[in-house]
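Novice: Got a sequence here, can you model it:
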Amino acid sequence: MPKPFSSNLLYIAAGLNTALVLGHTKMGYEIVFPSTTKDAGGEAASIGWWEVNESFVFMGIFCLKWAKFGITDRYDKAILYASAASQIFFGYRYLKAGFGKPIIGLWGVPALIGLSQLV
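Specialist: All right, here's what the predicted structure looks like:
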């Protein structure tokens, strides 16, 4: 069982993942979907955009689990490391493309989870 401060950081990370779903959906409707073409490639891009929300939902669920039970085994750690690496990489890509706001969540979640393991 994690310490209370660690749990609180993980609960915040879970909430941030919820905000990522909302922000990602909003960005999709405002920027991505209007710019995608109606051909198969554009449709695939739109589908892929929605699939990313799934990863935010799963990470939110994992953060809730970890807040209650801790990051207990190698499978939890593998999920954490894979997600953190992806979010850091995609945050960098957003920043490079001129979108700064998404990095708050994309880099904030792995930072909070990592910090929860240090305290």
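
Novice: Going by C-alpha atoms from here, please, whenever you check contacts or count neighbours.
Specialist: Noted.

Novice: just checking, what packs against the helix or strand harbouring Ser46?
Specialist: If you go by DSSP states H and E, Ser46 is part of helix 40-69. Helix 40-69 makes packing contacts with helix 4-27 when contacts are defined by 3 or more CA pairs under 8 Å, 6 or more residues apart in numbering; DSSP states H and E.

Novice: Which neighbouring elements make contact with the helix it packs on?
Specialist: Based on contacts counted as 3+ CA pairs under 8 Å, 6+ apart, the elements that helix 4-27 packs against are helix 40-69, helix 102-118.

Novice: what does that helix contact?
Specialist: Applying CA atoms under 8 Å, 6 or more residues apart in numbering, the contact partners of helix 4-27 are 50, 53, 56-57, 59-64, 66-68, 102, 105-106, 108-109, 112-113, 115-117, 119.

Novice: now stretch 94-113
Specialist: Under the criterion CA under 8 Å, 6+ apart, residues 9-10, 12-13, 16-17, 19-20, 23, 63, 80, 83-84, 87-88, 90-92 lie in contact with stretch 94-113.

Novice: Relative to Gly41, how far out is the residue positioned nearest the centre of the chain?
Specialist: Centre of the chain computed as the mean C-alpha position; nearest residue by CA atoms, centre = their mean is Phe56, 4.3 Å away. As for Phe56, its distance to Gly41 is 24 Å (criterion: CA to CA, to the nearest Å).

Novice: Not counting its own residues, what contacts the least confident helix or strand in the chain by mean pLDDT?
Specialist: Confidence across the helices and strands of the chain bottoms out at helix 33-35, with a mean of 90, counting by mean pLDDT, DSSP states H and E. Contacts to helix 33-35, defined as CA under 8 Å, 6+ apart, come from residues Ser46.

Novice: Just the buried residues of it, please?
Specialist: Counting neighbours by 16 or more other CA atoms under 10 Å, one finds that the buried residues in helix 33-35 are Phe33.
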